[in-house]
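Q: sharing a model prediction with you, sequence too.
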Amino acid sequence: MEKKNMVLLTVIAVATLLVAVVGATFAYFTASITNNYTGTEENGKTNVQAGSVAGTTVVTNVDGEAGSFTATDVYPGHKEVAAFKVNVQDASNTNAKINITYKATANGFTEGNIKLRVYKTDSAKSIGEDGNYFQCAKKTGTGTGLDANKTTFYEECSGPAETSLGTQVGSDYVLRTSDLNNAVVIATDNEVSSSASGVDTYYYVVVEYVNQTESSEESASQNSEFGAQLKGEISVELAA
């Protein structure tokens, strides 16, 4: 594609959603009310106990690691990653199930050119704070086919393979035009381990700006995306 400024900006806002309550960290309580009625009549007795939520689930950033995507002026082929941590504490060791969602509030990219992937591991990976874990670098080349007389601009990533981040949760999610302003699930019913003292599970979300020259000569030019911008947020919620 011909050189112009391109912008890819995805902001991750990680939140925990439980029983319609949103917050970074919070605690739950169980309340009970018992009437010590001493009469013999059954009518008038009460024995009421409020409902409770089993355990707590807290989502946080991983200290010292990238928690958002903030790259600008990127070319096709660019990839970056952000991390978050889920801690589940439950005295009965009941595992939690979570959905990971993405809501794009702005997307100027052609449908199919943005992919999201989620990886999971029980140990933290060192991805750095700048998000350039994949060591993507800008390159130039000579076009082919329809762009044979043009200079192409793209990115190649020489860093670790994505599988170094853990096991992929679900499959690639290809962002659609119709997804704009809708929270779409990019990882469904993912089980998270728990214990009485709490278990940490680490998630790594990869965003890729797909270089279409790799798969289709006819779509080699992605010039229509000059200045395109992607904004949105990733959230975590308990699965029903």
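A: All right, it came through fine. Numbers count the residues shown, from 1 in each chain.

Q: need the contact list for Val81.
A: By CB atoms under 8 Å, 6 or more residues apart in numbering, the contact set of Val81 is Ala66, Ile127, Gly131, Tyr133, Phe134, Leu165, Tyr204, Val205, Val206, Val207. Just so you know, the C-beta spots here come from the backbone N, C-alpha and C atoms, and that holds for glycine as well.

Q: out of these, which sit inside strands?
A: Of the contacts of Val81, the ones assigned to strands by DSSP state E are Tyr204, Val205, Val206, Val207.

Q: switch the contacts of Val81 over to a markdown table; also include pLDDT, distance to Ala104 and neighbour count.
A: What follows is the contacts of Val81, written out as a markdown table (pLDDT from 0 to 100; distance: CB to CB, whole Å; neighbours: other CB atoms under 10 Å):
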| residue | pLDDT | distance to Ala104 | neighbour count |
| --- | --- | --- | --- |
| Ala66 | 77 | 19 | 21 |
| Ile127 | 90 | 23 | 23 |
| Gly131 | 75 | 18 | 22 |
| Tyr133 | 93 | 22 | 25 |
| Phe134 | 94 | 22 | 23 |
| Leu165 | 96 | 22 | 23 |
| Tyr204 | 92 | 19 | 26 |
| Val205 | 90 | 13 | 25 |
| Val206 | 92 | 16 | 20 |
| Val207 | 90 | 11 | 25 |
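
Q: looking at the residues you listed, which is nearest Ser158?
A: Phe134 (7.9 Å; CB to CB).

Q: wait, what's in contact with the closest one?
A: With CB under 8 Å, 6+ apart, Phe134 has these contacts: Lys79, Glu80, Val81, Cys157, Ser158, Gly159, Pro160, Glu162.
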